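1. only the shape, not the letters, is given here:
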Ligand SMILES: *[C@@H]1O[C@H](CO)[C@@H](O)[C@H](O)[C@H]1NC(C)=O
Ligand SMILES: *[C@@H]1O[C@H](CO)[C@@H](O)[C@H](O)[C@H]1NC(C)=O
Ligand SMILES: *[C@@H]1O[C@H](CO)[C@@H](O)[C@H](O)[C@H]1NC(C)=O
Ligand SMILES: *[C@@H]1O[C@H](CO)[C@@H](O)[C@H](O)[C@H]1NC(C)=O
Ligand SMILES: *[C@@H]1O[C@H](CO)[C@@H](O)[C@H](O)[C@H]1NC(C)=O
Ligand SMILES: *[C@@H]1O[C@H](CO)[C@@H](O)[C@H](O)[C@H]1NC(C)=O
C-alpha cells in the first residue's frame, strides 16, 4: 500500500509528514496523514507528498510604504526615511523611494532578494554618497532614477562588474561639478554596456565626463542640457555610434570644433544646440560650414544666435556675412601677450649667447682685465708718488725754506 513514508523515502528527502509519523504523537496526526494520503493519490502526477506548506510570510510591507502586490509596486514617498527599508516584499518590480532623507546608499542597500526589481526611483532623497556595489545585486534592474540628489561621492564600483541597466537618470543629481570625474569612472568602468539612455542634465558640468562616453556603446539618448559646458573635446562623441538624440541646449558653448562636429549627423541624430553662448568671430567658420553642410538638417539651426561680440549679439549665426566674422580685441590682446612672451624668449636666448661668448673668450677678457688693472696701478702709483712727495714734512720744509 502507498504510504507517505515510503513515498518520502523514494524521494530521497525526509518530509515533515514522515517525521511526524515517527513521532510519539501518532494518534493525533493519524487523520491528518490520511487526509494527506487522499490528497496525494488524487493529485495527478504527484508522486511525492508535498511538505506541509509553510505559511507564506504575511506580504510584509514596511510601515512607511504603500505596497500593491497586484501591481508589484511599492511606494515609500515623503516618509522621512533615513535608509532603504530592509523588509521590502520580494515581489516588487517598481520601487519608489522618493522625497526622503537617505544620505548614503551602502553596499547591499537593496537586498539580493529583490530579484524582480526592474525600476527603481530614488529621486529627491538628499543622497550624498553612492558606495561600491550599491546597485550590484539587482539582476533585473533596467531603470534607475537618481535625480534631484546631492551626490558628492560616487563610487566607481557602484554598479558592480556588470549591470543590465538601460536607463539612468542623473538629472540634477550631483552636488557640484567636481563629482564629474568620479561619475566618469563609475559610468566608464564597462559595467553599463547595455545603457541606452543617460540623462545628465542640470549638473553644473563644466566639462564632459569623456571617460564615461567611451564605455557606453549602446547609448542612444544623451541629455546634457542645462550644464555649464564651454567647449567639447575633439571626438567627444566618437565612441557613441548608436546615438540618436543629443541635447546640448542651455549650456555655455562658445564654439564647436570641426573634429567634434564630424561625428554628428542630423537628421539621424536629433541634436539640440539652442541657448548657448556662441562667439561670432573668425573661428566660427567650422560651425558655419557644418551648419551649411552635414548640419543643414539640424532642426533649430535658424535659432542659433551670437552672444559675443556685443555688436553682433542676437544676430543669427547663419545670417552673418564672413566680413563681420573678425577676431575680437580680446583675441588681439591675447595674441599681443603671445608676442610679448615670444619677445621674452628671444631676449633670453640672446642673453645666453652673450654669456656663452664671454665664457669662450674668458682668457682674452682676463688678459684685458689685467691690462686695465696694470694701467690703473701705474696711474695710481704715479699719484701715490706725487702725494708722498707733497706729504713729506721735510720736503715741505725744504721747499718752504727754499721758498724763503
Ligand atoms: C517629516 O519630518 C518633518 C520635519 O521634521 C515633519 O514636519 C513631517 O511631518 C515628517 N513627515 C512624516 C511623514 O513623518
Ligand atoms: C521618479 O520620481 C520623481 C518624483 O516623484 C518623478 O518626478 C520622476 O518622474 C520619477 N521618475 C521616473 C523615471 O518615473
Ligand atoms: C545586454 O544585452 C544583451 C543583448 O540584449 C544581453 O545578452 C546581455 O545579457 C545584457 N547584459 C547584461 C549585463 O544584462
Ligand atoms: C565642490 O564642493 C566641494 C566640497 O564643498 C569643494 O571642495 C569643491 O571645490 C567644489 N567644486 C566646485 C567646482 O565648486
Ligand atoms: C532658452 O532659454 C530661455 C530662457 O532661459 C527659455 O525660456 C527657453 O525655453 C530656452 N530654450 C531652449 C530650447 O532650451
Ligand atoms: C559629412 O558627412 C560625411 C559622411 O559622414 C563625411 O564624409 C563628410 O566629411 C562630412 N562633411 C563635412 C563637411 O563634415
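-> Looks like it arrived, so ask away. Given the structure is predicted, the values throughout are model-derived calculations rather than measurements. Numbering: from 1, shown residues only. Ligands and ions are numbered 1, 2, ... in the order given.
2. could you pull out the strands in the stretch 201-350 of the chain for me?
-> When assigned using DSSP state E, counting those that start in this stretch, the strands of the stretch 201-350 of the chain occupy the ranges 221-223, 245-247, 270-272, 278-279, 306-308.
3. is ligand 5 within reach of the second one?
-> Looking back up the chat, that one is strand 245-247. No. On the criterion CB under 6 Å from any ligand atom, strand 245-247 is out of touch with ligand 5, staying 8.7 Å away. Quick note: C-beta positions are derived from backbone N, CA and C, even for glycine.
4. can you name every helix or strand that that strand contacts?
-> Where contact means 3 or more CB pairs under 8 Å, 6 or more residues apart in numbering; DSSP states H and E, strand 245-247 is packed against strand 221-223, strand 270-272.
5. what do you get for the last one?
-> Secondary structure elements in contact with strand 306-308, counted by 3+ CB pairs under 8 Å, 6+ apart, are strand 278-279.
6. pairing partners for the strand it packs on, with directions?
-> When sheet partners are counted by DSSP bridges, strand 278-279 sits next to strand 306-308 (parallel).
7. chain center to the partner strand: distance?
-> What separates the centre of strand 306-308 from the centre of its chain is 29 Å, taken as CA atoms, centre = their mean, to the nearest Å.
8. same check on stretch 249-268?
-> Once both centres are worked out by CA atoms, centre = their mean, stretch 249-268 turns out to sit 20 Å from its chain's centre.
9. could I get the strands of the stretch 201-350 of the chain as JSON lines with mean neighbour count, distance to ligand 3 and mean pLDDT?
-> Listed next are the strands of the stretch 201-350 of the chain as JSON lines, based on neighbours: other CB atoms under 10 Å; distance: least, CB to the nearest ligand atom, whole Å; pLDDT from 0 to 100:
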{"stretch": "strand 221-223", "mean neighbour count": "21", "distance to ligand 3": "17", "mean pLDDT": "97"}
{"stretch": "strand 245-247", "mean neighbour count": "19", "distance to ligand 3": "20", "mean pLDDT": "96"}
{"stretch": "strand 270-272", "mean neighbour count": "19", "distance to ligand 3": "24", "mean pLDDT": "94"}
{"stretch": "strand 278-279", "mean neighbour count": "20", "distance to ligand 3": "39", "mean pLDDT": "94"}
{"stretch": "strand 306-308", "mean neighbour count": "18", "distance to ligand 3": "42", "mean pLDDT": "92"}
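10. a markdown table for those, including distance to residue 181?
-> Compiled in a markdown table, the strands of the stretch 201-350 of the chain are given as follows (distance: least, CB to CB, whole Å):
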| stretch | distance to residue 181 |
| --- | --- |
| strand 221-223 | 18 |
| strand 245-247 | 21 |
| strand 270-272 | 25 |
| strand 278-279 | 27 |
| strand 306-308 | 28 |
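11. closest to residue 357 out of the ones you listed?
-> For these, distance to residue 357 was read as CB to CB. The smallest value, 47.7 Å, belongs to strand 278-279.
12. can you give the contact residues for that closest one?
-> Residues outside strand 278-279 that contact it (CB atoms under 8 Å, 6 or more residues apart in numbering) are 253-255, 284, 287, 304-309, 317, 328.
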